[in-house]
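S.K.: Generate coordinates for the sequence data below:
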Amino acid sequence: MFTGLIEETGSILNIRPGSKSTSVSIKASKVLEDANIGDSIAVNGICLTVTSKSAESFTADVMPETIKRTSLHRLTKGSKVNLERALKLGDRLGGHMVSGHIDSTGEIIKITPDENAVLIEIGLSENLLPYIIEKGSVSIDGISLTVARITKSSFIVSVIPHTKKMTTLEKAMPGQMVNIECDMIGKYIHNFVTNSHLINTNYKDDKETEPSKLDMGFLASNGFL
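M.R.: Model (predicted):
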């Protein structure tokens, strides 16, 4: 589990494709201070497991599904990546709950200056837009950001100068693909409500069940929406 607060940016040392998985080595410093073999580190929002390490780098294996679902295949030697160690019990949760399991990739459509910040518009597939809500949280390449606005096919986030300077967003360009992880709480609620007709909340036995009364109307009438 992560928070979406980037600790440092690292750089890709090499990517070695294999028959069943891909091995990626990353130059880093801060995230290695207390890292051990088997620890989780988020790389551009992707939860990867440390398989080997040195004083200045670590290596992780990447499964085919991860390669397919993320922008990792677009990285090359020297590419900058956002890094964050897994959350420890007792740490401050300054961003939002990020699992490190990427939902999909999105394309940066436009970057617009907005006084001391920048607005970044990102195109997203239609099936994921229901999980994006205005003023809600979203992880972009592992960075916890707040959604400013939503359109029919995209959403816009506002990025403050500090976040831009300390992450890969400093070099972000239109046309660039970024990893998207929607807010996990929103995904669970959406799935629960969507499939509420399959859930029996008044269990009696296998032969006598009553349908769930939880639906969007119930949530709205009780002040949840």
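
S.K.: Extract the residue ranges of the chain that are flagged as low pLDDT.
M.R.: Filtered on pLDDT under 70, the chain yields the residue ranges 196-214, 216, 223-225.

S.K.: can you give me the helices in it?
M.R.: Using DSSP state H, the helices of the chain run over 64-69, 161-166, 184-194, 216-221.

S.K.: Return the list of helices and strands in contact with the third one.
M.R.: For helix 184-194, not one helix or strand is in contact under the criterion 3 or more Cβ pairs under 8 Å, 6 or more residues apart in numbering; DSSP states H and E. Using the backbone N, CA and C atoms, a C-beta is placed for each residue, glycine as well.

S.K.: Spit out the contact partners of residue 25.
M.R.: For residue 25, the contacting residues are 12-16, 57-59, by Cβ atoms under 8 Å, 6 or more residues apart in numbering.

S.K.: neighbour-wise, which of the residues you listed leads?
M.R.: Neighbour counts for these (other Cβ atoms under 10 Å) peak at residue 58, which has 26 neighbours.

S.K.: Mind listing what's buried along stretch 90-105?
M.R.: With burial defined by 16 or more other Cβ atoms under 10 Å, the residues of stretch 90-105 counted as buried are 95-98, 100, 102-105.

S.K.: Would you agree residue 179 is in contact with residue 107?
M.R.: No. The pair residue 179 / residue 107 is not scored as a contact, 11.6 Å apart, by Cβ atoms under 8 Å.

S.K.: more crowded one of these two?
M.R.: Comparing residue 179 with residue 107 by other Cβ under 10 Å, the one with more neighbours is residue 179, at 25 against 15.

S.K.: and that one, what does it touch?
M.R.: Residues near residue 179 by Cβ under 8 Å, 6+ apart: 44-46, 70-71, 102, 105, 139-142.

S.K.: Domain map for this protein?
M.R.: Using automatic domain parsing, the domain ranges for the chain come out as 8-85, 104-184, 195-221.

S.K.: Between its first and last residues, how far does the last one reach?
M.R.: The separation between the terminal residues of domain 195-221, taken as Cα to Cα, to the nearest Å, is 19 Å.

S.K.: check contacts around residue 156.
M.R.: 119-122, 147-150.

S.K.: Let's see the ChimeraX selection covering just the buried ones among those.
M.R.: Selection of the buried residues among the contacts of residue 156 in ChimeraX, burial being defined by 16+ other Cβ under 10 Å:
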select :120,121,122,147,148
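
S.K.: between the contacts of residue 25, which is closest to residue 163?
M.R.: Residue 163 has its nearest neighbour among the contacts of residue 25 in residue 12, at 21.5 Å by Cβ to Cβ.

S.K.: contacting residues around the closest one?
M.R.: For residue 12, the contact set (Cβ under 8 Å, 6+ apart) comprises 24-27, 75-79, 81.

S.K.: what does residue 37 give?
M.R.: Residues in contact with residue 37 (Cβ under 8 Å, 6+ apart) are 50-53.

S.K.: same thing with residue 94?
M.R.: Residue 94 makes contact with 3, 5, 144, according to Cβ under 8 Å, 6+ apart.

S.K.: Quick check: residue 148 vs residue 35, distance?
M.R.: Residue 148 is 35 Å from residue 35, where distance means Cβ to Cβ, to the nearest Å.
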